[in-house]
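Enquirer: Here's my sequence, what's the structure:
(chains A and B)
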Amino acid sequence: MESNMKKDSESNDIVLKSARSILAFSKWVLLAGIGVVTICLLAIPFTYQYLLAEMAKAFVSPPEPEIFGMIALIMALAVVLMLLTLFAVDRLRRIVRSVGEGNPFTHINGTRLRGIGIAAVGIQIVTFCASLLATGVVTMLGDPKPGVDFEMSPDASISISGILLVLLLIILARVFDRGAEMQEELDGTV
Amino acid sequence: MAIRVKLDDLLHDNRMTLTELAERVDITLANLSILKTGKAKAMRFTTLEAICRELKCQPGDLLRYEPAEEED
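Expert: Have a look, this model is predicted:
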């Protein structure tokens, strides 16, 4: 009975409710983002001539058509980035749900956290590669014509907070594994 | 598990049912069943004390070490 009361109070917890809502919203935003970027990526072969003409109007030295290969690659990386984030958000949603159900210390949650950690590593690598490509694109575009407002300075660097996040997630996964062992022991204690 | 719980024998000797014992020692029937069927991994001293009190026995009467059963 006590555990039921605990379960009810936890599932009504404002933090849990907010987390569930934010994660559900994030999931749909990411899905929409993946859809939009994929459509734009697929549209490049049909629109690049028009885009090249527009670029020629805006920049001093007209860019080469090869620039669209780089832009397409950046977009593909953006899709990969969003898929990885979606994977992490989905795992996090499942963890939050298990907390709401009152039983978060399970081996599967340890595995989920490790999965989020691996996704975080992937996100770091993909972001770094996309930033490098973006720097290349901006360099290729060169200076804008007078009167054209174009300001873009991509920053390709390794994020310290990203590395700390990965470490935190991997350690937390171990904490959950140990927690699951302790929970099993407690469940078998009379 | 080489430790055998002889709760069945003790209940029989005391002419008591598992439900009755559960009420007397204030432990859920589910937990006592886990103990009776030998699925328990650990036992609290408070549980042992309550069972010994109600069944008027010693811990040794409840638990028995049988190493042969360990070799599965």
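
Enquirer: would you say A:Q183 is within a helix?
Expert: Yes: counting by DSSP: H, G, I helix; E, B strand; the rest coil, A:Q183 falls inside a helix.

Enquirer: how much space between the nearest residue to it once chain neighbours are set aside and B:T19?
Expert: Closest residue to A:Q183 apart from its sequence neighbours, by CB to CB, 6 or more residues apart in numbering or on different chains: A:F105 at 4.1 Å. Where C-beta positions appear, they are placed from N, C-alpha and C, glycine not excepted. The spacing between A:F105 and B:T19, counted by CB to CB, to the nearest Å, is 31 Å.

Enquirer: Could you check which of the two is surrounded by more residues?
Expert: Neighbour count, other CB atoms under 10 Å in any protein chain shown: between A:F105 and B:T19, A:F105 has more, with 19 against 10.

Enquirer: Surely A:F87 and A:G115 touch.
Expert: Yes: with contact defined as CB atoms under 8 Å, A:F87 reaches A:G115; the gap is 7.0 Å.

Enquirer: quick one, strands of chain A?
Expert: Counting by DSSP state E, chain A has no strands to list.

Enquirer: Just give me the longest helix of it.
Expert: helix A:14-58 (DSSP state H).

Enquirer: Does chain A have contacts with the longest helix along chain B?
Expert: What stands out as the longest helix in chain B, according to DSSP H, is helix B:45-55. Yes: judged by CB under 8 Å from any CB of the partner chain, helix B:45-55 comes into contact with chain A at B:T47.

Enquirer: And the next helix or strand past that helix?
Expert: Using DSSP states H and E, the helix or strand that follows helix B:45-55 towards the C-terminus is helix B:59-62.

Enquirer: quick one: average pLDDT of that next one?
Expert: Mean per-residue pLDDT for helix B:59-62: 94.

Enquirer: Then stretch B:32-43?
Expert: 90.

Enquirer: Mind exporting the C-alpha coordinates of it to PDB?
Expert: Output of stretch B:32-43 as PDB, limited to C-alpha atoms (Å, rounded to 0.1, in the frame of the first residue of the first chain):
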ATOM      1  CA  LEU B  32       6.300 -15.200   3.500                       C
ATOM      2  CA  SER B  33       5.600 -17.300   0.400                       C
ATOM      3  CA  ILE B  34       9.000 -16.200  -1.100                       C
ATOM      4  CA  LEU B  35      10.600 -17.300   2.200                       C
ATOM      5  CA  LYS B  36       8.700 -20.600   2.300                       C
ATOM      6  CA  THR B  37       9.500 -21.500  -1.300                       C
ATOM      7  CA  GLY B  38      13.200 -20.800  -0.700                       C
ATOM      8  CA  LYS B  39      13.300 -17.900  -3.200                       C
ATOM      9  CA  ALA B  40      14.400 -15.300  -0.700                       C
ATOM     10  CA  LYS B  41      17.900 -13.900  -1.100                       C
ATOM     11  CA  ALA B  42      18.100 -12.400   2.400                       C
ATOM     12  CA  MET B  43      16.200 -12.300   5.600                       C
END
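
Enquirer: Next, see if it gets close to chain A.
Expert: Yes: against chain A, stretch B:32-43 shows contacts by CB under 8 Å from any CB at B:L32, B:I34, B:L35, B:K39, B:A40, B:K41, B:A42, B:M43.

Enquirer: Next, count neighbours for the second one.
Expert: Read that as B:I34. When neighbours are counted by other CB under 10 Å, B:I34 comes out with 19.

Enquirer: what are the ranges of the helices in chain B?
Expert: Using DSSP H, helices in chain B cover B:7-13, B:18-25, B:29-36, B:45-55, B:59-62.
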